[in-house]
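**Student:** Sequence first, then the predicted structure:
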Amino acid sequence: MSIFEYNGSAIVAMVGKNCFAIASDRRLGVQLQTIGTDFQKIFKIHDKLYVGLAGLATDAQTLHQRLVFRHKLYQLREERDMKPETFASLVSAILYEKRFGPYFCQPVIAGLGEDDKPFICTMDSIGAKELAKDFVVAGTASESLYGACESMYKLDMEPEELFETISQALQASVDRDCLSGWGGHVYLVTPTEVRESTLKGRMD
């Protein structure tokens, strides 16, 4: 078994019209044994920037703390929030720095940049970025997430439709992966508001 599959996870970010959504499952497990059913995998960096961390849960928590620390330093020095593109480069640099003993994490970054243009990207455990204009996925359920998102995604979705699409894609995918599941967390971010929702899913 890969160390990335030890805890199980499913994370997806999707772009809409001047908005984005990022969603994750809620299960924390040790291989096939479920430990927790409301585990946080998506973290807020600032109001318009979120990062989801798939992979080994302990490394995800450590990496999150480092990212919050580095962002606070940036805010103190620059007196502004970090742009999503800048943050993606920061995450990439932090991961590459530790390439000989990496954090076993796959980050998914989603944010609203200048002119409220949505930005999403993911990367591997040593920081190789993969940019996308529609959706990105990470975690043990990524194969089924690709399939669900490919079939459901449409260009320029309004916030309501985007929420429905990402929720259905997540729920359909975790049903096909025994290492993730137990419902989901969804964050829908528009220029004016952030809506956080909890999905109920199969509890087995």
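**Tutor:** Looks like it came in fine.

**Student:** Now do the SS call for F87.
**Tutor:** Assigned with DSSP: H, G, I helix; E, B strand; the rest coil, F87 falls in the helix class.

**Student:** Contacts only, for it.
**Tutor:** I45, L49, V51, L67, H71, I109, G111 (CB atoms under 8 Å, 6 or more residues apart in numbering). (C-beta placed from N, C-alpha, C; glycine too.)

**Student:** For the spatially closest residue to K48 that is not a sequence neighbour, give its distance to I166.
**Tutor:** Leaving aside its chain neighbours, K48 sits nearest to L112 (4.2 Å; criterion: CB to CB, 6 or more residues apart in numbering). L112 sits 16 Å away from I166, going by CB to CB, to the nearest Å.

**Student:** For the most centrally placed residue in the chain, what are phi and psi?
**Tutor:** Closest residue to the average C-alpha location of the chain: G52 at 2.8 Å, with CA atoms, centre = their mean. In terms of degrees, to the nearest 10, the main-chain angles of G52 are phi -110, psi 140.

**Student:** One more: Y74?
**Tutor:** phi -60, psi -40.

**Student:** so what's the closest residue to T140 other than its chain neighbours scoring on pLDDT?
**Tutor:** Setting aside the residues directly before and after it, T140 is nearest to L179 in space (CB to CB, 6+ apart), at 4.4 Å. Model confidence at L179, given as pLDDT, is 89.

**Student:** Tally up the residues packed near L179, please.
**Tutor:** Counted with other CB atoms under 10 Å, the neighbours of L179 add up to 21.

**Student:** now swap in R70 and tell me
**Tutor:** 17.

**Student:** do the one 3 residues further on as well
**Tutor:** L73 is flanked by 10 other residues according to other CB under 10 Å.

**Student:** quick one: the helices in the chain?
**Tutor:** Using DSSP state H, the helices assigned to the chain run over residues 57-78, 84-97, 142-152, 159-174.

**Student:** Go through the last one and flag the buried ones.
**Tutor:** Think helix 159-174. P159, L162, F163, T165, I166, S167, A169, L170, Q171, A172, S173, V174 (16 or more other CB atoms under 10 Å).

**Student:** The shortest one too?
**Tutor:** Within helix 142-152, the residues that qualify as buried by neighbour count (16+ other CB under 10 Å) are S142, S144, L145, Y146, A148, C149, M152.
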